[in-house]
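Visitor: output the structure for:
(one chain, ligands or ions: 3)
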Amino acid sequence: MVTSRIMVNKDKNLEETIKELIKKQEELKRSEERYKILAESTKDIIWEGDLVNKKRHFSGKLYEILGYTAEELEDFQRWFDIVHPEDLARVKEEIRQQVEGKVQVKVFEYRVKSKNGIYKWICSNTKCEFNEKGEAIATFGSFTDITRLKEQQKKIHDLAYYDSVTKLPNRVMFTRVITERIQRAKENKSNFAMVFMDLDNFKFVNDSYGHPVGDGLLVEVGKRLEEMNNDKIMSFRLGGDEFIILIEDIESREQVKQYSDQLNKVLGIPYLVSGHMFHVTHSGGIVIYPEDGDTFDELLKNADTAMYKSKESGKGVSSFYHVKMGEAATEKAEIQRDLHRAIEEKEFELYYQPIVNVKNQEVKGCEALIRWNHPEKGVVSPGKFIPIAEENGTIIEIGKWVLKSACKYARKIQCRGNTNFYVSVNISPYQLLQKDFTDYVMDTIKTLEVRPENLVLEITESVLIESLDSAIYKLKELRDNNIRIALDDFGCGYSSLTYLKMLPINIVKVDRSFIKDIESEEDTKNMTNVIILMAKQLGLEVIAEGVEEKYQVDYLKKHGCHMFQGYLISKPLPEKEFNNILEASSLPSSKVAVAQSR
Ligand code: C2E
Ligand code: CA
Ligand code: CA
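Guide: Ligands and ions are numbered 1, 2, ... in the order given. So this is what the prediction gives:
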């Protein structure tokens, strides 16, 4: 009996234990289900890394985001294979610290590669589980997909620090970087150079081709700069057509010079933008820290000054800063300021230089050349103020004044009976860009009663005029109205035969540099004869500029050049003195004796 009672008791205990176990199991199952529902319903990914069995488990969301199957990511090591190589060391270090029990909960961000190769940013929130012996047996926690957040952050960062057109770092970034580099250079006695570059005639591209094309050109320039960058060279766009290149730890000025030459070469290769071909040069200003300034403002100001010096000396070059340049910069600012009042104050005057027949030195016309009688500075040369007037737009008003004054003079001579005498007027490309340019010229000659045959307009082949359809159209219109067009300074810059054919011109003026190079009457090396021949074949009249010596005239005569001008006959003269020349050479033949007028 005793035995059976014990049995009953035992059975009862077992039964209860089993019941309890089942209950617990059910509870566990429910809790697991709850956990599962919770894990699947949250936006985050719940995960566990079993350090004993070297396996990982993630909630379903992860497979959705990254595109892998559970099996593909089960192996413990596999996860590290998809961590971004740049983040891997950091991730491993964070985990190591946790496993060693150095930190409790850890939040950190890194990138993992999804199955399609695109990296996703995750924010990991991790905790470690330890056994009684204090050994880590599991890591677990949650991931949040922060890819979108990161993209937005990057966008905000890029907007603040990068230029939206060229994607180069912008002025804000430039200020930051240079300020930081100055600090660093001070501490470790290092140096750096800054090249301030400004594209030449960029305004022209924008004005004549429109901003989208201008932007397209900037993008291409930006790309070439980017390609030249390395761990010591960084490029920035300051705004407009201005860029800065930072060169760190320089060894010598020579090294910077070499870089700048290379820059000229790379940026000088023609650009193709929206079907237009552009030859672009730039003017550069170079400063070196600490010689040329030890603050940000000073460095930038001096680089800017050096850049302007390059512009002044004919563009397309780069200059190292020099203290003396500071004075030139001040002068430029004064000219800029004074130009505005110069017309009203009647400070401009036209000088005239005779243009004569090569065969018999008969005066056929004259070139009108502007002079500025500045109240304090004396006579300022057009070479100095015309580029500044083009830059600040005053060239338009000045150009109108020149045309009007030259026409008035042409009228006077016409009235004196010399009906074929012409006045040749220099036209800036910026004037030609004005919509009403043709109308303005036609109105002016009409009002002042000048015959179109008595006016010549001199245009220069600006770098970009090549495919400037509207300019060509305007010039054609003028030429059709019997106003002759002369192509000035031929031979320099981008002039070519195709160019001569394309432009509606009547006259070619051979640049002084070619005439200067003529060595004797027999000179065979000089190219001037080729230009003369070429122009004549196209039915153009040829005028040689800057003739100073008798043998140059002989050379020109031998090769059939039609006309010339230069100091050999006369310098440009004020109206009264020029009238004397005309009178002395007695109208109507207007022959000037070469020997006398030197
Ligand atoms: P340019 O049109 O090529 O003018 C010829 C320049 O050569 C003039 O300089 C003239 O004085 C100079 N010259 C003439 N004969 C000789 C010579 O035998 N030897 C030497 N060494 N030089 C000679 P200038 O008057 O200083 O004018 C410089 C430039 O300024 C002109 O070059 C022209 O591009 C521009 N310019 C002058 N007047 C005007 C104007 O009214 N409007 C515009 N847009 N530009 C002008
Ligand atoms: Ca000229
Ligand atoms: Ca010229």
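Visitor: CA only for contacts and neighbour counts going forward, please
Guide: Will do.
Visitor: give me every residue that touches the residue most central in space within the chain.
Guide: Central residue of the chain (C-alpha atoms, centre = their mean): residue 241, 4.0 Å from the mean position. For residue 241, the contact set (C-alpha atoms under 8 Å, 6 or more residues apart in numbering) comprises 198-199, 202, 218.
Visitor: distance to ligand 1 added to these, as TSV?
Guide: Shown next, in TSV, are the contacts of residue 241 (distance: C-alpha to the nearest ligand atom, whole Å):
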residue	distance to ligand 1
198	22
199	20
202	18
218	27
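Visitor: can you check these and name whichever has the most neighbours?
Guide: residue 198 (26 neighbours; other C-alpha atoms under 10 Å).
Visitor: and that residue, how far is that from ligand 3?
Guide: 25 Å (C-alpha to the ion, to the nearest Å).
Visitor: could you do residue 443 as well?
Guide: 26 Å.
Visitor: contacting residues for residue 105?
Guide: By C-alpha under 8 Å, 6+ apart, the neighbours of residue 105 are 98, 125-128.
Visitor: quick revisit: in helices only, show me the contacts of residue 241.
Guide: 202, 218 (DSSP state H).
Visitor: need the contacts of residue 241 in JSON lines with distance to residue 148, can you?
Guide: Shown next, in JSON lines, are the contacts of residue 241 (distance: C-alpha to C-alpha, whole Å):
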{"residue": "198", "distance to residue 148": "38"}
{"residue": "199", "distance to residue 148": "38"}
{"residue": "202", "distance to residue 148": "39"}
{"residue": "218", "distance to residue 148": "30"}
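Visitor: biggest separation within the contacts of residue 105, which pair?
Guide: For those, the maximum inter-member distance is 11.6 Å, found between 98 and 125 (C-alpha to C-alpha).
Visitor: so what sits against both of the two?
Guide: 105-106.
Visitor: could you give me the buried positions within the helix or strand residue 489 falls within?
Guide: Here residue 489 sits within strand 484-490, counting by DSSP states H and E. Of the residues in strand 484-490, 484-490 count as buried by neighbour count, 16 or more other C-alpha atoms under 10 Å.
Visitor: which of the residues you listed are close to ligand 1?
Guide: Subset of the buried residues of strand 484-490 in contact with ligand 1: residue 489, counting by C-alpha under 6 Å from any ligand atom.
Visitor: as CSV, the buried residues of strand 484-490 with distance to residue 450 and pLDDT would be great.
Guide: Output for these, formatted as CSV (distance: C-alpha to C-alpha, whole Å; pLDDT from 0 to 100):
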residue, distance to residue 450, pLDDT
484, 13, 98
485, 16, 96
486, 18, 95
487, 22, 92
488, 23, 91
489, 26, 86
490, 27, 84
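Visitor: distance to ligand 3 added to the buried residues of strand 484-490, as TSV?
Guide: Formatted as TSV, these follow (distance: C-alpha to the ion, whole Å):
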residue	distance to ligand 3
484	16
485	13
486	10
487	9
488	5
489	4
490	8
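Visitor: quick one: which of the contacts of residue 105 sit in helices?
Guide: residue 98.
Visitor: what's the mean pLDDT across the helix or strand encompassing residue 476?
Guide: Secondary structure here is read from DSSP H and E; on that basis residue 476 sits in helix 469-480. Averaging pLDDT along helix 469-480 gives 89.
Visitor: tell me, how many residues neighbour residue 72?
Guide: Residue 72 has 11 nearby residues by other C-alpha under 10 Å.
Visitor: ok so, going back, tilt between the strand holding residue 489 and helix 469-480?
Guide: Counting by axes from the mean of the first three to the mean of the last three C-alpha atoms, to 10 degrees, strand 484-490 lies at 130 degrees to helix 469-480.
Visitor: ok, residue 315 to residue 197 distance?
Guide: Residue 315 sits 11 Å away from residue 197, going by C-alpha to C-alpha, to the nearest Å.
Visitor: ok, back up a step: lowest-confidence one in the contacts of residue 241?
Guide: residue 202 (88).
Visitor: show me what contacts that one?
Guide: 214, 241.
Visitor: tell me how far the host helix or strand of residue 64 lies from the chain's centre.
Guide: Assessed by DSSP H and E, residue 64 sits inside helix 60-66. Relative to its chain's centre, helix 60-66 lies at 46 Å (C-alpha atoms, centre = their mean, to the nearest Å).
Visitor: mind listing what's buried in it?
Guide: Buried-residue list, helix 60-66, by 16+ other C-alpha under 10 Å: 60-63, 66.
Visitor: ligand 1 next: which of those are close?
Guide: Near ligand 1, by the rule C-alpha under 6 Å from any ligand atom, you find none of these.
Visitor: can I get the residues you listed in a markdown table including pLDDT and distance to ligand 3?
Guide: As requested, the buried residues of helix 60-66 are arranged in a markdown table below (pLDDT from 0 to 100; distance: C-alpha to the ion, whole Å):
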| residue | pLDDT | distance to ligand 3 |
| --- | --- | --- |
| 60 | 86 | 79 |
| 61 | 87 | 76 |
| 62 | 90 | 74 |
| 63 | 92 | 75 |
| 66 | 94 | 69 |
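Visitor: what's the burial count for residue 131?
Guide: 9.
Visitor: equivalent analysis for residue 47, please.
Guide: 19.
Visitor: show me where the stretch 51-200 of the chain has helices.
Guide: With DSSP state H, counting those that start in this stretch as the criterion, the stretch 51-200 of the chain has helices at 60-66, 78-82, 85-99, 147-161, 171-188.
Visitor: and those as JSON lines, adding distance to residue 139?
Guide: As requested, those are exported to JSON lines (distance: least, C-alpha to C-alpha, whole Å):
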{"stretch": "helix 60-66", "distance to residue 139": "17"}
{"stretch": "helix 78-82", "distance to residue 139": "13"}
{"stretch": "helix 85-99", "distance to residue 139": "8"}
{"stretch": "helix 147-161", "distance to residue 139": "23"}
{"stretch": "helix 171-188", "distance to residue 139": "41"}
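Visitor: what's the closest of these to residue 28?
Guide: That would be helix 60-66 among the helices of the stretch 51-200 of the chain, by C-alpha to C-alpha, at 20.5 Å.
Visitor: the closest one packs against which elements?
Guide: Helices and strands touching helix 60-66, by 3 or more C-alpha pairs under 8 Å, 6 or more residues apart in numbering; DSSP states H and E, are strand 45-50.
Visitor: hmm, 10 Å instead?
Guide: helix 2-41, strand 45-50, strand 119-130, strand 136-145 (3 or more C-alpha pairs under 10 Å, 6 or more residues apart in numbering; DSSP states H and E).
Visitor: give me the domain ranges for this protein.
Guide: As given by automatic domain parsing, the domain ranges for the chain are 1-36, 42-151, 166-321, 341-584.
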